[in-house]
Structures are given as structure tokens and as C-alpha cells.
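**Q** prediction below, plus the sequence it came from.
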Amino acid sequence: MKDALTNNDSNPDSNLDLNSTGDDRVLFETGLERQSARDRLTQLLGEETIKDLHRRSDIKGWMAVLSCWATIIALLILIQATLNTIGWWGLPLVVAGVFLVGGRILALAILTHEGAHRTLFANAKLNDRVTRWLCAAPVYLDLIKYRKHHAQHHVHTGTKQDVDLPLIEGFPTSRKSLTRKFFRDLSGQTGLKSLVGLAMMNAEVLRWNVTGVVDYLPERPTTRLALLRTFLKNSYRTLIFHTIFFAITLALGAPEIFAIWWAGYLFTYPFCIRVRAIAEHAVTERTGDMLKNTRTTKAGLISRALFAPFNVNFHIEHHALVSVPWWQLPALHQKLQKHQILPEPPSYWQVMKIASTNR
């Protein structure tokens, strides 16, 4: 099947469709389905509005990337300063800071997602170069592999072919089960397993995915040297980035800053990912209807800091028009709400309660 994101400049949403019907009231009664979503939303909102919503900006792209990194650097310095001045008495502040670092690492992953849709920057080459080095490499993602994988999620959302189903299978679950999942995340078990899995995927032992599925490739490197070469070929951006990162912290006499980053990556980033994934698609219907297989979630200040960076909580809107940039999603949300298309968004806390209703 053609990559859903390959030709998004000519027709950004050619991979989506929408049931045809007559008036605004019933236009979306069966939801936003795939191949003609752009056409139906154009009928509803107007060609100029749709065109404006798809407008991209290099300035907005740079602001997103640089503000994210400025926040990360500030958090790392503040945590390090807290440890140096207050010591372990400042542990609650350190824990809170590491949670926020995990949320900002998720923000880099979300910017990688934005870059995969080619909506982070208006300039396509700039989009891919900045995304690869400043967003994907730090969090051990590969932009091109992620783009191909993620396209299939959009093509098959809510069906058995959806490649992201493993992220939300088994929900609703019990509160004890959800608590165990969160414990595995916050204790570092999930982070370590993910790190090992990513290394094996980059060595081309496992098929590449972002869901934690272990799928051995039938043809893979057979010698240690071949495994190492393949791993280095696929991991070199991440290795270069973190070598430079460590060298800078060492030169500044503060290598603990590098350790704090990895604490966020291993202990709180997986927790943030899990909550985000549950909110977007867990306990939704297995259907092509985007109003039923996807969820938009209400995000307050804490939720935006940890689970919903860069408007990723506007997820129905994102699936409806996959090439609308992150900074345009609130406007799309307001327009769809005006036409009474969207269900009332629950909070993240309400979604977690829904996801843990089984006894």
C-alpha cells in the first residue's frame, strides 16, 4: 500500500475517507473515515479555511524545537543545582524535575512525529534534517523508519491491521494491572527493555516498530562483526548526539546532567508514553470511524507538560486531517466543535479511570 505520507503536499489527506451525506447535522454521524476526509471537511469548513489550516511555518518549527531544548537544558541545570545545594533533602524537587524531563523527552518524540508528517517545518529538507538530529536522534528514533511505520497506523487505524494496536491491547484492564504497568515504567524496567529492543532493531535482528513487539527478522546478520556494523549504521546519529552531549557535560564539570537526562529517559519517559497512548486510542471501537477509534483529550497545564506536548491531545483532529501542523490543531478543534462534530473530550484522569474499569 502506498505510504500515506509520501505525497502530502499535493493531497495531504488522500489516505483518509469520510462517509458522504447531506447536511452539516448528519455529515459526521458515522464519523471521519478515510479516503475523502479532506473533501468532506472542505465542504463543511470551506476551501480557504482548509488551505489555511494546512499552512506550515519554519519559524514555528524552530520555535518548537528550540523552546523544547531550552526547557530541557533549564530543567537539567535546575535539578543538578538542587542536588548540589540542597542534597538529598531536595529529593521531591529532583523527582518532580525528572518527571518533567521525561515529559520533554516525550515532546521531542512528538516533534519527531510532527517531522514524520512533514509538518514541523515548511521547508521539506529542513524538516527532515532538524527532525533527524535534534528530535529523533536524542530519543533513539529513526525518522524514515518511523515515518513508514506510522503511516500504516493512519491507514489502518482501528482495524486488525493497525500497527499500533499492541500499545492499547488488553484495555480496559483492572486497576491492579494498570498500576503494575505504571510500576514497570517508573522502575525503569520498560525503559531498559525498550533500549535493548531498539539496539536489536538497529542491529536488524528484530523488525523495527515502536510498540515493543518482538518480531525476529528471517534474514539478519550472522556474525558479531556484521551485527556491530549494522548497529552502528542504524544508530550513528544517536551515538554521535549523545557522545557530544556527554563531552559537553564532562567539559563543564557536570557529567551528572547527562545522568539526569538518562534518568528521565529510562524512568519517566516510558510512563509518559504509556499514558499518552492509552489516551489516544485505548478503549475505543475497532472501526474505521475516527470519532470512535480515536480520542481527543482535555489537557491542563500538568497534562501538557507530561503527556500532551505540542497539542498531541487533539488526536481526532490529527487523524481527520493528518497534515495540519501541531500549532493549527486547536483552531481545527474549535471549528469542529462549532459544528458540533466532536464528542466532549475527557480529561487524562477520566481516561485512566475508563481504561481500568475491569475487575
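**A** Received, thanks.

**Q** would you mark the buried spots in stretch 131-138?
**A** 131-132, 134-138 (16 or more other CB atoms under 10 Å). The way it works is simple: take the backbone N, C-alpha and C, and place the C-beta from them, glycine included.

**Q** okay, and which of those map to helices?
**A** Judged by DSSP state H, helices contain none of those.

**Q** so which of these comes closest to Ala259?
**A** Pro138 (15.1 Å; CB to CB).

**Q** so who does that closest one touch?
**A** By CB atoms under 8 Å, 6 or more residues apart in numbering, the residues touching Pro138 are 105, 108, 238, 241-242, 245.

**Q** and for the nearest residue to Thr71 once chain neighbours are set aside, the neighbour number?
**A** Nearest non-adjacent residue to Thr71, counting by CB to CB, 6 or more residues apart in numbering: Arg104, 5.5 Å away. Arg104: 28 surrounding residues under other CB atoms under 10 Å.

**Q** by contact count, what packs against the helix or strand Arg104 falls within?
**A** Taking DSSP states H and E as the definition, Arg104 sits inside helix 91-116. Applying 3 or more CB pairs under 8 Å, 6 or more residues apart in numbering; DSSP states H and E, one finds that helix 91-116 contacts helix 58-85, helix 124-130, helix 143-155, helix 256-263, helix 269-281, helix 301-306.

**Q** tilt between that helix and helix 58-85?
**A** Orientation note: helix 91-116 sits at an angle of 160 degrees relative to helix 58-85 (axes from the mean of the first three to the mean of the last three CA atoms, to 10 degrees).

**Q** mind listing what's buried along helix 91-116?
**A** Residues 94, 97-116 are the ones in helix 91-116 that count as buried (16+ other CB under 10 Å).

**Q** contacts only, for the residue nearest to Val65 when sequence neighbours are not counted.
**A** Taking CB to CB, 6+ apart as the measure, Val65 lies nearest to Leu134, with 5.5 Å between them; neighbours along the chain are not counted. Going by CB under 8 Å, 6+ apart, Leu134 touches 65, 69, 108.

**Q** which of the helices and strands packed on helix 91-116 sits closest to Asp289?
**A** helix 269-281 (12.8 Å).

**Q** after the closest one, next one along is what?
**A** Assigned by DSSP H and E, the successor of helix 269-281 is helix 290-293.

**Q** tell me the confidence at the residue nearest to Val65?
**A** pLDDT for Leu134: 98.

**Q** again with the one 10 residues further on
**A** pLDDT recorded at Ile144 is 95.

**Q** tell me how far it lies from Ile72.
**A** Distance, Ile144 to Ile72, by CB to CB, to the nearest Å: 24 Å.

**Q** circling back: closest one to Arg175 among the helices and strands packed on helix 91-116?
**A** helix 269-281 (13.3 Å).

**Q** I'd like the mean pLDDT over that closest one, please.
**A** Mean predicted lDDT for helix 269-281 stands at 98.

**Q** what's that helix packed up against?
**A** Using 3+ CB pairs under 8 Å, 6+ apart, helix 269-281 is in contact with helix 91-116, helix 175-186, helix 189-202, helix 315-320, helix 348-355.

**Q** need these in CSV (columns: distance to Thr85 and mean pLDDT).
**A** As requested, those are exported to CSV (distance: least, CB to CB, whole Å; pLDDT from 0 to 100):
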stretch, distance to Thr85, mean pLDDT
helix 91-116, 11, 97
helix 175-186, 26, 97
helix 189-202, 28, 97
helix 315-320, 41, 94
helix 348-355, 33, 97
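
**Q** could these be laid out in JSON lines, adding distance to Asp162?
**A** JSON lines is the format used below for these (distance: least, CB to CB, whole Å):
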{"stretch": "helix 91-116", "distance to Asp162": "16"}
{"stretch": "helix 175-186", "distance to Asp162": "20"}
{"stretch": "helix 189-202", "distance to Asp162": "19"}
{"stretch": "helix 315-320", "distance to Asp162": "12"}
{"stretch": "helix 348-355", "distance to Asp162": "17"}
